[in-house]
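J.: Sequence and predicted structure, then a few things I'm wondering about:
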Amino acid sequence: MPEALEFSFDGSAYSQSTSSNIDDCDYPEGGLKAWSVVLGAWCAMVPSMGLLNSLGALQAWTSTHQLKDYSESSIGWIYGAYTFFLFLGGAQFGHILDSHGPLYVIVPGSVGMVLSLIFLSLSEEYYQIFLSFSILGGISASTLFTPSVAAVGHWFNKRRGWATGIACTAGGVGGCIFPLIILFAAPKIGFAWSIRIIALICAVLCSVACLTVRTRLPPKKEKLSLEIGALGDIKYASASLGVFLVEFAVFVPITYIISYALDAGHGEQISYAILVFLNLGAIFGRYLPGIGADRIGRFNVMSANCLMCSTFTLILWLTGNLVDPRNLGTIISYAVIFGFFCGTAISIAPVCISQVCEIEDYGKRVGTTWTLVSIGTLIAIPIAGAIQQLNNGAYYGLIIFGGTLYLSLTLAFAISRGISGGWALRTKF
């Protein structure tokens with residue numbers, strides 16, 4: 001259950017409003033087994049979240065090659081559908097983790113992820129890319145992401161934000177490596193073989209994940225459920241709303257930053273490299289805020305990071321677009337800064353859910369949240385593409401859309417923090 005501490009002005013704790021039903025001593029908080037689970041979760045999330053953070057590279061390539069005759073909105077449905085299926089299976093796969101253990105989801109997910117990339121490498125038509133990448137790839141990614149995040153929560157409590165942040169740096173690492181492979185390998189050996197190289201990397205990493213991801217608590221046999229009734233708990237419902245808005249907003253800049261740079265007249269190499277800069281920032285953004293979140297509160301850190309994303313999107317990126325869209329320094333600066341602050345969205349969001357539920361239900365609750373989130377991720381990218389089309393290809397409307405979303409979710413997390421942990425500014429929650 002939630003842990004909320006209030007601090008005096010000198011930083012010492014003077015009261016604890018709530019406490020966990022499971023003693024902190026029950027969590028190893030480290031050791032070979034615990035850190036091997038973090039390693040396994042990291043290996044599982046390089047393919048799933050790495051590809052998610054590479055959507056900009058895939059969108060830019062396919063829109064100028066295989067799908068060059070399709071509109072931005074139509075292409076957006078492919079990558080929106082990938083995120084939709086990634087999060088849609090959250091409740092089901094989280095439940096399987098809680099009731100049967102991780103191997104029942106990690107193994108089939110690993111096989112499915114590798115097959116989806118092989119099929120993608122053979123795809124030329126819209127429906128082929130949609131079936132191989134969006135549906136098979138998205139569902140497979142879901143089996144790797146949700147159980148891995150939840151498994152880490154079985155081994156850490158006080159340091160859960162830090163441990164989850166370390167595991168989630170995988171998305172940033174994959175988001176750096178995969179676009180670089182496409183950028184440098186595709187022009188020389190073809191897009192198909194560059195995707196097969198990615199498939200080989202994913203096969204090796206998924207093998208490690210199958211051997212190392214383990215849960216600590218005994219299986220909890222229950223009937224499969226989305227736990228929709230849990231939304232009757234205002235604390236869980238408000239936290240889920242915040243996570244919903246986070247995932248709705250985060251993929252707009254990630255998906256369109258390369259197309260923006262190409263439209264501004266920059267070369268293909270530097271434009272693809274901008275996504276790498278964004279993911280480099282995300283690596284540190286997923287690790288460092290996790291340390292701070294464990295010390296000053298997970299909801300506090302989420303609120304602050306969302307505010308920073310909104311500020312830099314509406315000030316730095318929007319201003320740069322209106323004043324001089326060809327200014328490469330502005331684009332790179334925004335990519336690195338936004339990457340750092342948006343990295344928290346993936347790493348700390350599930351930890352926020354863990355603060356408003358019992359750890360035995362963590363897999364199912366975070367899975368239910370991701371299932372609700374899937375609706376937002378399905379429509380966010382196509383909506384952004386439709387806004388761009390409405391503005392005759394200009395990006396200012398898309399940028400305002402993303403910045404406004406971040407501003408709204410800042411308020412959502414601040415309100416959720418007040419409901420769950422208290423309204424006092426000194427509250428650690």
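T.: Happy to help now that I have it.
J.: how distant is stretch 271-286 from the center of its chain?
T.: Relative to the centre of its chain, stretch 271-286 is centred 14 Å away, using C-alpha atoms, centre = their mean, to the nearest Å.
J.: for residue 105, what are its contacts?
T.: Taking C-beta atoms under 8 Å, 6 or more residues apart in numbering, we find residue 105 in contact with 93, 96-97, 143-144, 147. Every residue, glycine included, has its C-beta placed from N, CA and C.
J.: and it, what helix or strand is that in?
T.: helix 103-121 (DSSP states H and E).
J.: Tell me which residues of that helix come out buried.
T.: For helix 103-121, burial by neighbour count (16 or more other C-beta atoms under 10 Å) applies to 103, 105-106, 109-110, 112-114, 116-121.
J.: Take those residues and write them to TSV, including pLDDT and distance to residue 415.
T.: Below are the buried residues of helix 103-121 laid out as TSV (pLDDT from 0 to 100; distance: C-beta to C-beta, whole Å):
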residue	pLDDT	distance to residue 415
103	84	39
105	88	33
106	91	36
109	93	35
110	95	39
112	96	38
113	96	37
114	97	42
116	96	38
117	96	41
118	96	45
119	96	43
120	95	41
121	94	45
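J.: Would you mind measuring from residue 38 to residue 182?
T.: Taking C-beta to C-beta, to the nearest Å as the measure, residue 38 falls 28 Å from residue 182.
J.: didn't residue 251 look like it was pressed against residue 379?
T.: No - if you go by C-beta atoms under 8 Å, residue 251 and residue 379 don't touch, sitting 10.8 Å apart.
J.: who touches both of those two?
T.: Shared contacts of residue 251 and residue 379 (C-beta under 8 Å, 6+ apart): residue 80.
J.: what about these two, which has more around it?
T.: Using other C-beta atoms under 10 Å as the criterion, residue 251 and residue 379 rank with residue 251 on top: 26 against 15.
J.: show me the contacts for that one.
T.: Counting by C-beta under 8 Å, 6+ apart, residue 251 makes contact with 52, 55, 79-80, 83, 377, 380-381.
J.: Let's see that with 7 Å instead.
T.: Shown in contact with residue 251 (C-beta atoms under 7 Å, 6 or more residues apart in numbering): 55, 83, 377, 380-381.
J.: sorry, back to before: show me what secondary structure element comes after the helix holding residue 105.
T.: Using DSSP H and E, the helix or strand that follows helix 103-121 in sequence is helix 126-129.
J.: Just want the angle from the helix or strand that that following helix is followed by to helix 103-121.
T.: Per DSSP H and E, the first helix or strand lying C-terminal to helix 126-129 is helix 138-153. Angle of helix 138-153 versus helix 103-121, following axes from the mean of the first three to the mean of the last three C-alpha atoms, to 10 degrees, is 140 degrees.
J.: tell me what helix 138-153 is packed against?
T.: With contacts defined as 3 or more C-beta pairs under 7 Å, 6 or more residues apart in numbering; DSSP states H and E, helix 138-153 has these neighbours: helix 32-52, helix 72-88, helix 90-100, helix 103-121, helix 160-189, helix 362-390.
J.: Show the contacting residues for residue 377.
T.: Here residue 377 is in contact with 80, 83-84, 87, 247-248, 251 (C-beta under 7 Å, 6+ apart).
J.: Name the nearest of those relative to residue 32.
T.: Distance to residue 32, by C-beta to C-beta, is smallest for residue 87 among these, at 31.7 Å.
J.: Quick check, that closest one in contact with residue 370.
T.: Yes - the pair residue 87 / residue 370 is scored as a contact, 4.1 Å apart, by C-beta atoms under 7 Å.
J.: which among the contacts of residue 105 end up buried?
T.: Among the contacts of residue 105, those classed as buried by neighbour count (16+ other C-beta under 10 Å) are 93, 96-97, 143-144, 147.
J.: Need the max-distance pair from these.
T.: Distance extremes for the buried ones among the contacts of residue 105: the farthest pair is 96 and 144 at 12.7 Å, using C-beta to C-beta.
J.: thinking again about what came up before, specify which member of the contacts of residue 105 is nearest to residue 172.
T.: Nearest to residue 172 out of the contacts of residue 105 is residue 144 (C-beta to C-beta; 16.1 Å).
J.: That closest one touches residue 107, doesn't it?
T.: No - when contacts are counted by C-beta under 7 Å, residue 144 is not listed as touching residue 107 (10.3 Å).
J.: Output the lowest mean pLDDT helix or strand found in this protein.
T.: The least trusted helix or strand in the chain, going by mean pLDDT, DSSP states H and E, turns out to be strand 13-18, with a mean of 33.
J.: Tell me the confidence at residue 214?
T.: At residue 214, the pLDDT value in this model is 85.
J.: Would you confirm that it belongs to a helix?
T.: No - secondary structure of residue 214, determined by DSSP: H, G, I helix; E, B strand; the rest coil: coil, with no helix assignment.
J.: so it makes contact with residue 102?
T.: Yes - between residue 214 and residue 102 there is a contact at 6.4 Å, judged by C-beta under 7 Å.
J.: ok, those two, which is more surrounded?
T.: Taking neighbours as other C-beta under 10 Å, residue 214 and residue 102 compare with residue 102 leading, 28 against 17.
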